[in-house]
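1. Dropping a prediction and its sequence here:
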Amino acid sequence: MKGGEVASGDAIHRGDPVIVDRYKVDARINHWLTAGSFVLLALSGLALFHPSLYFLTGLFGGGSWTRAIHPWLGTFLFIGYLGLFIRFWKYNLWTPTDGTWLAKLHVFLRGHEEDMPEVGRYNFAQKCVFWSMTAFILVMIGTGLVIWEQYFAAYTTVDQKRLAVLVHSMCAIVMICIVIVHVYGALWARGTLTAMLKGRVTGGWAWRHHRKWLRELATGKSDQTPRGTPAE
Amino acid sequence: MFPPLPNPTTQPVPPKFGDKDLLRRSATSITPPEKRQTEVAKLIDVSKCIGCKACQTACLEWNDLREEVGVNTGVYENPHDLTPASWTLMRYAEYENPQTGNLEWLIRKDGCMHCEDPGCLKACPAPGAIVQYSNGIVDFQKENCIGCGYCVKGCPFNIPRISKVDNKAYKCSLCSDRVAVGQGPACQKACPTQAIVFGTKDEMKKWADKRIADLKSRGFANAGLYDPPGVKGTHVMYVLHHADKPQLYSGLPNNPAISPIVELWKGMTRYAGFAAIGAFAAISVLHRVVAGRSVVSADDERNAKMLADKNMMKEKTP
Ligand code: HEM
Ligand code: SF4
């Protein structure tokens, strides 16, 4: 039986070093398509955000193309994130450890993860990224549809559109900031990128960053009260 | 009667204004010309309008536009709203004046007001899609328009319309092409009652004063000029019998100004936005420098191996 922290496809391979499967190929494809659409969205959106970035429309075949493509990319991102959400929401639910973890955030930031409470598949910061991205994508698709002139102009008043475009642009900025942290985090913690590129990490990586997850994988049982229904 | 503009010569004449006379250009910072051209204006005297729609027709005719055949819903407005092809529209309001008990038919020619502080231009993200000439005309440049509809959000009068056919924005150009060769707008030329007159902004204000004095002498104590200061004045102005209540005229805004939401979107949001992105990038770099990288140690690997060996050995034994 698998514990609450273990996703389907997660597995340990003994050896030196130990290798741990973390993301199946479909999860990785899902992630990178979503990430790619986000980058294109940010570029095409920022092109209209400020005149100094209007040159970015060149990447999309000009201003009209940029205007036309952006909302479709947004729709794609929404569907892509929905896939990620369905895959990972269970492991991003709050646990009591998150509180103790947060209280020692300064220790984490200094890189002394050995002194942190053991965390499961995701730590508190990762969960924050997950849930804030969830919320912001909902806001972005909502406001984005309101300002999608080509198809949805008739459904809202001008005042609603004004508010929508303001919220859309502000939230875009916040999302970009979150993604900066997300990407930085992945680069900062060495060995993380292979999780999303090759689907696997070393045992040492898992021990250091997600020990509770590793323990559950190794022992095959959840050592904490599981959150929600334990998987199969 | 306002002295009508003379008919043009049949000889080609060079345009009176052009790209060198730009006061503003959307999404572009330009240095305005040293000398500003005399400001022009169209004056619409609502009290003289008989609602014949000659102006509406002349607009279609001159600008080579075709409106689709619509439906009659029992009102005079035709079409029902401004459209990408109808850059001007007569709006009819019935008003029961409580003071006189009279039923007044307030007919207003709706269309672009050519604001001195144009919200459409402020909102537009495409360089050169909207320009403002130093004579006050605000004009859309179709070839630069990307069809985003931001101008709709910027406009305090709800004027621009985006075409479903070519995804470009359209509105009254104040017949910039006619004005450039010394003519008045087509609507003005067609108006049978001189409810529409055209000239320099000063001339129009003076003419309006006469009309207002006349209206006041006929009992319209609140007659006045509509040249709203919230948008720093307009280059299309109205003479209203009830200048104290512009909204009577099919919702003409009382005190139009660029929405504060638009100002915030086009102002602070940009600066704060770039600052935030810059700050997050800088903090990341700083953190990397100060805290170094988080590296998995040989100990970590050993511990993981011990954990795996201990637990998974058991599993292997039958
Ligand atoms: C989720 C679905 C999304 C939809 C439906 C959507 C739709 C739109 C639309 C319709 C516009 C107006 C320009 C145009 O017509 O192309 C726009 C502008 C913009 N979008 Fe999105 N978008 C979405 C997601 C995003 C995301 C994820 C980002 C950022 C990373 C983003 C950033 C922007 C920016 C910066 C602008 C320009 C705002 C401005 O001009 O100030 N959008 N979006
Ligand atoms: S739709 Fe309006 S705001 Fe957008 S590019 Fe065209 S003129 Fe500018």
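-> Arrived safely, thanks for sending. Numbers count the residues shown, from 1 in each chain, chains lettered A, B, ... in the order given. Ligands and ions are numbered 1, 2, ... in the order given.
2. now check stretch A:80-99, is it near ligand 1?
-> No. Applying C-beta under 6 Å from any ligand atom, one finds stretch A:80-99 separated from ligand 1 by no less than 8.5 Å. Where C-beta positions appear, they are placed from N, C-alpha and C, glycine not excepted.
3. contacting residues around that stretch?
-> A:4-5, A:7, A:27, A:30-31, A:33-34, A:37, A:117-122, A:124, A:126-127, A:130-131, A:133-134, A:137, A:212, A:224, A:227-228, A:231 (C-beta atoms under 8 Å, 6 or more residues apart in numbering or on different chains).
4. 6 Å - rerun?
-> A:Ala27, A:Asn30, A:Leu33, A:Thr34, A:Pro117, A:Arg121, A:Tyr122, A:Phe124, A:Lys127, A:Phe130, A:Ile137, A:Arg227 (C-beta atoms under 6 Å, 6 or more residues apart in numbering or on different chains).
5. Which two among those are spaced furthest apart?
-> A:Leu33 and A:Pro117 (33.7 Å; C-beta to C-beta).
6. of these two, who's got more company?
-> A direct count of neighbours by other C-beta atoms under 10 Å in any protein chain shown for A:Leu33 and A:Pro117 places A:Pro117 higher, at 20 against 16.
7. thinking the more buried one is in contact with A:Thr100, fair?
-> Yes. The criterion here is C-beta atoms under 6 Å, and A:Pro117 meets it with A:Thr100 at 4.8 Å.
8. With adjacent residues omitted, what lies nearest to residue 136?
-> Just going to use chain A. A:Met175 (4.9 Å; C-beta to C-beta, 6 or more residues apart in numbering or on different chains).
9. you looked at the wrong chain, it should be chain B
-> Per C-beta to C-beta, 6+ apart, closest to B:Gly136 is B:His235, 3.8 Å.
10. was I right about the one you found contacting B:Leu43?
-> No. Contact criterion C-beta under 6 Å: B:His235 and B:Leu43 do not qualify, at 10.0 Å.
11. give me the low-pLDDT residue ranges for the chain?
-> This is for chain A. A:1-3, A:222-232 (pLDDT under 70).
12. Hmm, no, I was thinking of chain B.
-> In chain B (pLDDT under 70), the answer is B:314-318.
13. Ligand 2 contacts on that one?
-> B:26, B:123-124, B:126, B:129-130, B:140, B:145-151, B:160, B:162, B:169.
14. Among the residues you listed, which lie within strands?
-> Counting by DSSP state E, the part of the residues of chain B next to ligand 2 found in strands is B:Ile130, B:Phe140, B:Ile162, B:Ala169.
15. Can you show me the helices along chain A?
-> A:25-49, A:63-88, A:96-103, A:105-109, A:124-146, A:149-152, A:158-188, A:193-197, A:203-209, A:211-219 (DSSP state H).
16. which of the ones you listed is buried the deepest?
-> helix A:203-209 (a mean of 28; mean count of other C-beta atoms under 10 Å in any protein chain shown).
17. Does anything pack onto it? Which helices or strands?
-> helix B:298-316 (3 or more C-beta pairs under 6 Å, 6 or more residues apart in numbering or on different chains; DSSP states H and E).
18. ok, the helix it packs on near chain A or not?
-> Yes. Judged by C-beta under 6 Å from any C-beta of the partner chain, helix B:298-316 comes into contact with chain A at B:Asp300, B:Glu301, B:Asn303, B:Ala304, B:Lys305, B:Leu307, B:Ala308, B:Asn311, B:Met312.
19. pretty sure the third one contacts A:Trp207?
-> So that's B:Asn303. Yes. Look at B:Asn303 against A:Trp207 with C-beta under 6 Å: they come within range, at 5.0 Å.
20. ok, back up a step: ok, which of the residues of chain B next to ligand 2 also contact ligand 1?
-> Among these, proximity to ligand 1 is found for B:Cys148 (C-beta under 6 Å from any ligand atom).
21. do you know how far A:Leu33 is from A:Leu84?
-> 10 Å (C-beta to C-beta, to the nearest Å).
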